[in-house]
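Trainee: I would like the atomic coordinates for the input below:
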Amino acid sequence: MGLFRRQPEQRAVTAGDILAAINDRRSGNMAGPSVTNESAMRLSAVWACVRLIAGVGSTLPLDVYRTQGDAQTQLAKPSLFVQPSPDMTLSTWLYQLWSSLLTAGNAYGLVTATGANGWPTTVELVNPAAVSWSEQDGEWVTKVDNVTLARWPIGPLFHVPLFTMAGCPWGMSPVQSAKAAIAAGLSAEQFGSSFFNAGGNPNAIIYAESELSADQAEGIKSAFVNATAGSSREPAVMGAGLRYERVQVSPDEAQFLDAQRFTVEQVARIYGVFPEMIGGATSGSSVTYANREQRAADWLTFGLLPYLIPIEESLSTLVPRPQRVRFNTGGLLRSDTKTRYETHAIGIASQFLTVDEARALEDLAPIGTPAPPAAPPGVAP
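Mentor: Coordinates of the predicted model:
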């Protein structure tokens, strides 16, 4: 038996082996992973990108402004942007909206309540999979669970598209557009799991100095397995001419780490984030305290802003004109304490910033605001 004779040195699995396995899956020779919006989230790189972008986007403060000519006045937020749904907070609602956009390319909601002015006070988000599009008599018709609904402001269906193409009112799904890359990542993970768990290589080899028959080889293997089974960890006794050797195949030798790193870089490119922001790394890149603020500014400009503007424009359709909705991104560029205070001082000295405005940026009360009364003894403030 081959496993019990002296064998050549075991060949390490290469990237070519991984790609061949992936191609086999794509061609139907193996059962490859099905890529859907839900299954894609099982790939850690996709999960990390969605968590990062949706997490940041959903926690940015929402402000409402009225613009008249060159004048811009900040308004009190309507109830819709305080609690858009009775069942969830604003940050949870926004996270679901962002997650739908980042996986399906579209976010949908049903306007279920309006105020006295006819503008929405409640919008319940809908799973994008429940919405279908069709063209009838030259017009696009939307259905939710096969029920035809007109889109806001004509009807109750609120729609936010992202990654749009000319001629299509709905957005492209990043998951489906990057299906090949995501499938490759899932396939590599499945291949690695089967390699290590299902015996891609034997975990040990018993060498025999002489030729063994099939029955002899099977007998030696069975005897060794029986002797080492269980948790007693008793020593094994080998006969003359037999030698036991463990087979060690490290993930690095099998190049699984390289395959996974490449997948992280691909998914990061798809979503427009720096690989190191989701736990990846690219050669020659480094993030230090000195360049952290600049990296945040770069990501805001080139990575997050293309998402923010379309979402702001869509949310602005839920308030009467000339009002508009805007995310406050100031927190993303928050400097260290010394730099912030120096910036405030420059603004105050140049008279385009008041002391109270600077204090508000630091979440401090205006000067002269009376302190809250002290709590009675024994009562927590």
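
Trainee: Hmm, Val50 is touching Leu101, no?
Mentor: No: with contact defined as C-beta atoms under 8 Å, Val50 does not count as touching Leu101 (9.6 Å). Where C-beta positions appear, they are placed from N, C-alpha and C, glycine not excepted.

Trainee: Looking at those two, which is more packed in?
Mentor: For Val50 and Leu101, the more surrounded residue by other C-beta atoms under 10 Å is Leu101, and the numbers stand at 27 against 23.

Trainee: That one reaches Trp170, doesn't it?
Mentor: No: between Leu101 and Trp170 there is no contact, the gap being 11.5 Å when judged by C-beta under 8 Å.

Trainee: Okay, domains of this structure per the record?
Mentor: 11-201+250-331, 204-246, 335-369 (automatic domain parsing).

Trainee: Going by mean pLDDT, which of the ones you listed comes out lowest?
Mentor: Of all those, the minimum mean pLDDT falls on domain 204-246 (a mean of 71).

Trainee: rewinding a little: what's the most buried one of the domains of the chain?
Mentor: Per residue and on average, the most neighbours among those fall to domain 11-201+250-331, with a mean of 16 (mean count of other C-beta atoms under 10 Å).

Trainee: Helix, strand, or coil at the residue sitting nearest the centre point of the chain?
Mentor: Nearest to the geometric centre of the chain sits Val50, at 2.2 Å (C-alpha atoms, centre = their mean). Three-state assignment for Val50 (DSSP: H, G, I helix; E, B strand; the rest coil): helix.

Trainee: Give the next helix or strand downstream of the helix or strand harbouring Val123.
Mentor: Using DSSP states H and E, Val123 sits within strand 120-126. Remark: after strand 120-126, the chain's next helix or strand is strand 131-136, criterion DSSP H and E.

Trainee: Each with direction, which strands does that following strand pair with?
Mentor: Partners of strand 131-136 in the sheet, by DSSP bridges, are strand 139-144 (antiparallel).

Trainee: so how far is the strand it pairs with off the chain centroid?
Mentor: Distance of strand 139-144 from the chain centroid (C-alpha atoms, centre = their mean, to the nearest Å) equals 29 Å.

Trainee: Other residues contacting that strand?
Mentor: 108, 110, 126, 130-135, 148-151, 157, 159, 169 (C-beta atoms under 8 Å, 6 or more residues apart in numbering).

Trainee: Just flag the most distant two among those.
Mentor: The two members of the contacts of strand 139-144 with the most space between them (C-beta to C-beta) are Leu110 and Glu135, at 22.4 Å.

Trainee: For the closest residue to Leu149 other than its chain neighbours, which residues are in contact?
Mentor: Excluding the flanking residues, the one nearest Leu149 by C-beta to C-beta, 6 or more residues apart in numbering is Leu157, at 4.4 Å. Contacts of Leu157 were listed using C-beta under 8 Å, 6+ apart, and they are 108-111, 126, 131, 142, 144, 149-151.
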